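K.L.:
Structure for the following, please:
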Amino acid sequence: MSATRPRRWPARATRGLSPCCGGGFAVTSACRRTVLWWRRYAPTGLLALAGSLARNPPPAAEARRLWYRAKALEMLSAFVQLLSQPEALNGPAAQERQRLHEACDLLRARHAEHWPPGLLARTVGLSEKRLQQLMRESTGQSVHAYLSDVRLARACDLLQAGMSVTQVAGEVGISSLSHFSKVFKARYGVSPRSW
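P.N.:
As a prediction, the model looks like this:
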């Protein structure tokens, strides 16, 4: 498939799409992404209404014109109803962001505990794969790396407050003092004792 010529899809895959200039149905990658986005995030009622636009229009030209005008008004009414209920626009993406926010809050509040990604995902109601994906998208880190950063930031605060290195390591949930020293030095360039 060349970059300049859109891919031609079979008739069954193009139901409800407009014909392109060449007379056939052309589906670009942008069109596919839009369709996939709508299938994932649009309310089901709106999707059903959009799907009904391509089904069984009347054969007579005047009746078909009125039928499409009525469908357009029905679609406009559905959009106005959606706009009057902003929580409906949020959909699953907003719920996932909220769950990711809960996971980050949980890691910050209870950083000393052992948090494997699967346990954290179950606690906030996401799959482990989706939690890792959302974490990478929003923070650029895995769950484990984010937790390590939270622990090391807390360790810096505790060391500045005058706690001993052994106490700090236990307080932030790292049981091995040598591992704590190695990770701390790799992150900040100095040993915890020198901090």
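K.L.:
Only C-alpha atoms from now on, for both contacts and neighbour counts.
P.N.:
Will do.
K.L.:
buried residues in stretch 136-146?
P.N.:
Across stretch 136-146, burial judged by 16 or more other CA atoms under 10 Å covers 141-143, 146.
K.L.:
which residues touch that stretch?
P.N.:
116-117, 132, 135 (CA atoms under 8 Å, 6 or more residues apart in numbering).
K.L.:
Domain-wise, how is the protein divided?
P.N.:
Listed domain ranges for the chain are 1-41, 90-143, 146-194 (source: automatic domain parsing).
K.L.:
tell me which residues in the one helix or strand Asp105 maps to are buried?
P.N.:
Under the criterion of DSSP states H and E, Asp105 resides in helix 86-109. Buried residues in helix 86-109, counted by 16+ other CA under 10 Å: 89, 96, 99-100, 102-104, 107-108.
K.L.:
for that helix, packing partners?
P.N.:
helix 29-41, helix 61-83, helix 117-124, helix 128-139, helix 143-160 (3 or more CA pairs under 8 Å, 6 or more residues apart in numbering; DSSP states H and E).
K.L.:
how about the CA coordinates for the second one, as PDB?
P.N.:
Right, the one you point to is helix 61-83. These are the backbone C-alpha positions of helix 61-83, laid out as PDB (Å, rounded to 0.1, in the frame of the first residue of the first chain):
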ATOM      1  CA  ALA A  61     -35.900  10.600  -3.700                       C
ATOM      2  CA  GLU A  62     -38.200  13.100  -1.900                       C
ATOM      3  CA  ALA A  63     -38.900  10.600   0.900                       C
ATOM      4  CA  ARG A  64     -35.200   9.800   1.200                       C
ATOM      5  CA  ARG A  65     -34.300  13.600   1.500                       C
ATOM      6  CA  LEU A  66     -36.900  14.000   4.300                       C
ATOM      7  CA  TRP A  67     -35.700  10.900   6.000                       C
ATOM      8  CA  TYR A  68     -32.100  12.100   6.100                       C
ATOM      9  CA  ARG A  69     -33.200  15.500   7.300                       C
ATOM     10  CA  ALA A  70     -35.100  13.800  10.100                       C
ATOM     11  CA  LYS A  71     -32.100  11.700  11.000                       C
ATOM     12  CA  ALA A  72     -29.900  14.800  11.000                       C
ATOM     13  CA  LEU A  73     -32.300  16.500  13.500                       C
ATOM     14  CA  GLU A  74     -32.400  13.300  15.600                       C
ATOM     15  CA  MET A  75     -28.600  13.300  15.700                       C
ATOM     16  CA  LEU A  76     -28.500  17.000  16.600                       C
ATOM     17  CA  SER A  77     -31.000  16.400  19.400                       C
ATOM     18  CA  ALA A  78     -28.700  13.600  20.700                       C
ATOM     19  CA  PHE A  79     -25.700  15.900  20.700                       C
ATOM     20  CA  VAL A  80     -27.600  18.600  22.500                       C
ATOM     21  CA  GLN A  81     -28.700  16.100  25.100                       C
ATOM     22  CA  LEU A  82     -25.000  15.000  25.500                       C
ATOM     23  CA  LEU A  83     -23.800  18.500  26.000                       C
END
